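Trainee: Quick one: sequence and predicted model below, then my questions.
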Amino acid sequence: MIFTKIKRVAKAGFVNFWRNGWVSLAAILVVVITLFAIGSLIFSNAVFKEALNHIEDKVDISVYFKNEAEEKDVLAIKDSVAKLSEVKSVEYVSADKALADFKERHKDNATLLQSIEELDKNPLGAALNIKAKEISQYGSVAKFLDGKSDSSGDSIIDKVNYFQNKKIIDRLSDIVDSVKKLSLIVSLVLVLVSILVTFNTIRLAIYSSRDEIEVMRLVGASNRFASGPFIVEGAMYGFFSAIITMIIFYPTFLSLYWIEPRLLYVFSEANLFRYYIDNFGQIFAILLGIGVLICSVSSLIAVRRYLKI
């Protein structure tokens, strides 16, 4: 009995959808615009994430040790830093490697290289290059390194360049937070607009079917049965809108690829067309869920208000 009622409601919803052709088309177009904007926001977030990850990979803090620091003490500090939950990676640079890298960077400066050769010992000490998991965690890592000493209690750290990079790190951290907040605000505004537009569209569909609704009530149909088809109709708006939106994205990115491939790339590795293909199912599921939810909720609000349920 329940299955039969559900089947009738669903069938009536499909009939309403196809019968109200122009109204359905108008609703779908509006929802497509909204889902396209939300989808663009998803791709924009991917762009920002890749860009920020690219920048974050360039940010680290270096710990420079005194010349007299023994390798075992430096490696002990390296191991203790690597155990921190905030730390992503720690690279150890020996004094000999630091000198070799210095000579390679200044191989065209004969005077400087000659001066280095004239010294009795290596003027450079060992170093650690530390990358944190999050930009905001570099401060706690630098605080942990403050005052680190060897087994005799003497400080072996000459300098930590966190404070020189602090302004850049703080700036990048603010950008990350701002992008997240802006994305949330834009998403909420778009959802609100979609609800309002879909609400008015469904209300128009209900108004155009007012005579049919009255007849259904006269023959004893319940409010739930009378409102069900419009909720199904709203869900169909969201379903078809998500499909059309994903179809529109394909030629959009494909045309950009043929016109100017570099427009699809973010820095060196992120390709929006490839991102679209690789994450097609996930993005479609998100847009489908948002579309169906928004349209169904808007339809429910509209029928409750009009039918006084």
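Mentor: Arrived safely, thanks for sending.

Trainee: Now do the strands in the stretch 51-200 of the chain.
Mentor: In the stretch 51-200 of the chain, the strands defined using DSSP state E, counting those that start in this stretch lie at 61-65, 87-93, 127-132, 157-160.

Trainee: Show me the longest helix that occurs in this structure.
Mentor: Across the chain, the longest stretch assigned as helix under DSSP state H is helix 162-208.

Trainee: all strands of the stretch 201-309 of the chain, in order?
Mentor: For the stretch 201-309 of the chain, the strands defined by DSSP E, counting those that start in this stretch occupy 265-266, 270-271.

Trainee: Surely P123 and A95 touch.
Mentor: No. Here P123 lies out of contact with A95, judged by C-beta atoms under 8 Å, at a distance of 9.2 Å. C-beta here means a position set from N, CA and C on the backbone, and glycine is covered the same way.

Trainee: Give me the common contacts of the two.
Mentor: Both P123 and A95 are contacted by N67, under the criterion C-beta atoms under 8 Å, 6 or more residues apart in numbering.

Trainee: if you count what's nearby, which of these two comes out ahead?
Mentor: Per other C-beta atoms under 10 Å, whichever of P123 and A95 has more neighbours is A95, with 19 against 13.

Trainee: how much does the longest helix of the chain deviate in direction from strand 127-132?
Mentor: If you take axes from the mean of the first three to the mean of the last three C-alpha atoms, to 10 degrees, helix 162-208 sits at 20 degrees to strand 127-132.

Trainee: Domains in this structure, by residue range?
Mentor: Domain assignment for the chain by automatic domain parsing gives 2-55+172-307, 67-155.

Trainee: From one end of the shortest one to the other, what's the distance?
Mentor: Between the opening and closing residues of domain 67-155 there is a gap of 12 Å (C-alpha to C-alpha, to the nearest Å).

Trainee: Who are the contact partners of the residue nearest the centre of the chain?
Mentor: In the chain, the centroid-proximal residue (C-alpha atoms, centre = their mean) is N45; its distance is 4.2 Å. Residues in contact with N45 (C-beta under 8 Å, 6+ apart) are V179, S183.

Trainee: Distance of it relative to A242?
Mentor: With the distance defined as C-beta to C-beta, to the nearest Å, N45 ends up 18 Å from A242.

Trainee: do I38 as well
Mentor: Plainly put, I38 is 10 Å away from A242 if you go by C-beta to C-beta.

Trainee: Quickly list what's touching both of the two.
Mentor: Residues touching both I38 and A242 comprise L287, I290, with contact defined as C-beta under 8 Å, 6+ apart.

Trainee: Pick out whichever of those two has more residues nearby.
Mentor: Counted by other C-beta under 10 Å, I38 and A242 do not tie: A242 has more neighbours, with 24 against 20.

Trainee: can you give me how far stretch 183-191 is from the chain middle?
Mentor: On the basis of C-alpha atoms, centre = their mean, to the nearest Å, stretch 183-191 sits 14 Å off its chain's mean C-alpha point.

Trainee: ditto for stretch 276-288
Mentor: Taking mean C-alpha positions (C-alpha atoms, centre = their mean), stretch 276-288 and its chain are 14 Å apart.

Trainee: same thing with stretch 89-104?
Mentor: Stretch 89-104 sits 36 Å away from the centroid of its parent chain (C-alpha atoms, centre = their mean).

Trainee: All set, thanks.
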